[in-house]
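Colleague: for reference, the sequence and a predicted model appear below.
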Amino acid sequence: MPYEWNFAIVLKYLPNLLEGGAHTIALSAASIALATPIGIVMGIIRQQRIPYLAPIAVVYIDFFRTSVALVLICWCYYALPVLIRVNLDTFTAVMIAIGLQASAYMAELVRAGMQSISPGQWEAARALGMPGHTRLRYIILPQAARRMIPLFFLLMVEVVKTTTLAGVVTYPEIVYDAFRVATEIYRPIETFTIVGLICFVFLFTLGRIALYLERRFAVVER
Amino acid sequence: MTEVLRLEGLTKSYGATPVLKGVDLTVRRGETVCVIGASGSGKSTLLRCVNFLGYPTAGRIYLEGKLVGREVTDRAGVATMRYRESELCAVRAHVGMVFQQFNLFPHMTVEENVMIAPIKIRGLSRQEARKRAALHLDRVGIPEKAGAFPGQLSGGQQQRVAIARALAMEPAIMLFDEATSALDPELVGEVLLAMRKLAQEGTTMLIVTHELGFAYNVAQRVIYLHEGTIHEEGTPEQVLVNPTKPRTQDFLRGVTTFRMPEPRLGPVDQASTSKGA
């Protein structure tokens, strides 16, 4: 007997799924907000080989880049509250886990972006008498940031995808809600089709925005 | 004439490879000095040491009569120079540098390129800096390109913007590191003309160049650098036309083999040519 598709019933639960989607976005945004400043600072410290701090940044980056996201999430939810003696809700725990991991990727992104700026730019800034922070602030980082736009959006997409692991600690993101809806109505096929579409539309739009920004801020070089 | 720059025993090695082996050189105010020499003779290294893009291994550099850095003598009695980064920033701000590859900031307009250092380092207001940028862009002959981005300009225009950018810091001396070597041949002239204009206006300049005609016509003094030392030095006439040292003569013969109209080959040259063939 062929499978009888029934999307109508799933659409009734669409508000639930969209609410999950909103949670996913909120969690992603918070993780990125945590990751970006840490990542920028760590990236600069590593690229500039700042004495004493650079080795710490290297260990930090390698540690979070190589750790498993799911394990980090569970650890931040179960173990971290014990260590710091503060109760963390699921949102905060997952945000810390994903945010810290993303910050390590962000740091590498910043470093790669800075290193991609030609030595001539660093020299020209130096030759004008600019001290290190002025060079970074006005010459290197603005150019590096432009080159980082596509990769930054790639990282954002990765973060959004990673937040779907938050369900394991019962944070109601979109996939977690999808499981709940699917078990309630016995329609996993249709439910996950719809969820897949929602995710695709969202991430695709994000990608388009990235492309637009990349072109908008492109610098003519030769 | 007051001296702007004095180098004493300037030495620079990369690892065990010596590139500069004790260069003594004085540049006085308003003077234009051209440095010529084969590649690898240390010309670029010399310029880069003057504004500390590369650190001298030994020797002293005086800018406007003031010793840069501080001399420290260790227990064995060996004197070495110590440099503070903040002092070097101040030195570089007083030494204008023009690079072979222009190195304009591509994310800024021409005007912003010229304004950024006076604003951030000299503390000028945007208004003052804009006035100053207009003045120096005018000096190099491209006042109309203020709003353009470097990527929209020809190489010659870019290099003139780079000159204006360095001038806007009102440096004590301008350094040119093969400023026309990366240009398409037809764009060399406009940059050399701009440089000559600066020379005529009394700008103190130390110029590394392969443009011997320019050196002959514009420089007050020409220096032939060979294997990290000043091999021959004098007026353009002395060094470029009547060099006394065989090395200099060899170098010049290589650079000026073909000329318009082609000089008639002497019997010696003909002999060596046929031998080579």
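Modeller: It's in.

Colleague: could you check the pLDDT of the residue of the stretch 1-150 of chain B found nearest chain A?
Modeller: Nearest residue of the stretch 1-150 of chain B to chain A: B:A93, at 2.8 Å (CB to the nearest CB). Quick note: C-beta positions are derived from backbone N, CA and C, even for glycine. According to the prediction, B:A93 has pLDDT 96.

Colleague: now the phi/psi pair for the nearest residue to it once chain neighbours are set aside, please.
Modeller: The shortest distance from B:A93 to any non-neighbouring residue, by CB to CB, 6 or more residues apart in numbering or on different chains, is to A:G129 (2.8 Å). Dihedral angles of A:G129 (phi, psi; degrees, to the nearest 10) stand at phi 90, psi 10.

Colleague: go ahead and flag the most central residue of chain A.
Modeller: A:V159 (3.3 Å; CA atoms, centre = their mean).

Colleague: separation between A:T205 and chain B?
Modeller: 27 Å (CB to the nearest CB, to the nearest Å).

Colleague: could you do A:V94 as well?
Modeller: Applying CB to the nearest CB, the value for A:V94 to chain B is 37 Å.

Colleague: pLDDT wise, what is that residue at?
Modeller: For A:V94, the predicted pLDDT is 96.

Colleague: the residue of the stretch 1-150 of chain B closest to chain A: how many residues sit nearby?
Modeller: Residues near B:A93, counting by other CB atoms under 10 Å in any protein chain shown, number 22.

Colleague: ditto for B:T80
Modeller: When counting by other CB under 10 Å, one arrives at 12 neighbours for B:T80.

Colleague: and it, what does it touch?
Modeller: Residues near B:T80 by CB atoms under 8 Å, 6 or more residues apart in numbering or on different chains: B:A58, B:E71, B:V72, B:T73, B:D74.

Colleague: picking that back up, what separates the residue of the stretch 1-150 of chain B closest to chain A from B:R139, distance-wise?
Modeller: B:A93 is 19 Å from B:R139, where distance means CB to CB, to the nearest Å.

Colleague: how many neighbours does the residue nearest to B:A146 when sequence neighbours are not counted have?
Modeller: Taking CB to CB, 6+ apart, and ignoring the residues beside it in sequence, B:A146 has B:E111 as its nearest neighbour in space, at 4.1 Å. Number of residues near B:E111 (other CB under 10 Å) recorded here: 19.

Colleague: now swap in A:T134 and tell me
Modeller: 18.

Colleague: surely A:E108 and A:D62 touch.
Modeller: No - A:E108 is not in contact with A:D62 according to CB atoms under 8 Å; the separation is 9.8 Å.

Colleague: burial count for B:I121?
Modeller: 18.

Colleague: contact residues of chain A facing chain B?
Modeller: A:118, A:120-121, A:123-132, A:134, A:138-139, A:142-143, A:146, A:219-222 (CB under 8 Å from any CB of the partner chain).

Colleague: ok, now with 7 Å
Modeller: Chain A comes close to chain B at residues A:120-121, A:123-124, A:126-131, A:134, A:138-139, A:142-143, A:146, A:219-222, as judged by CB under 7 Å from any CB of the partner chain.

Colleague: contacts for stretch B:190-200 next, please.
Modeller: B:32, B:140-141, B:156, B:159-160, B:163, B:176, B:179-180, B:183, B:205, B:211, B:214, B:218 (CB atoms under 7 Å, 6 or more residues apart in numbering or on different chains).

Colleague: which ChimeraX command selects the buried ones in the residues you listed?
Modeller: Remark: buried members of these, expressed as a ChimeraX selection using 16 or more other CB atoms under 10 Å in any protein chain shown:
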select /B:32,140,141,156,159,160,163,176,179,180,183,205,211,214,218
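
Colleague: biggest helix in the chain by residues?
Modeller: Just so you know, I chose chain A. helix A:14-47 (DSSP state H).

Colleague: can you look at chain B instead?
Modeller: helix B:185-200.

Colleague: and that helix, which residues are buried?
Modeller: B:L187, B:V188, B:E190, B:V191, B:L192, B:A194, B:M195, B:L198, B:A199.

Colleague: elements contacting the helix or strand the residue nearest to B:A146 falls within?
Modeller: Using DSSP states H and E, B:E111 maps to helix B:110-120. The helices and strands touching helix B:110-120, judged by 3 or more CB pairs under 7 Å, 6 or more residues apart in numbering or on different chains; DSSP states H and E, are helix B:126-139, helix B:155-167.

Colleague: perfect, that will be all.
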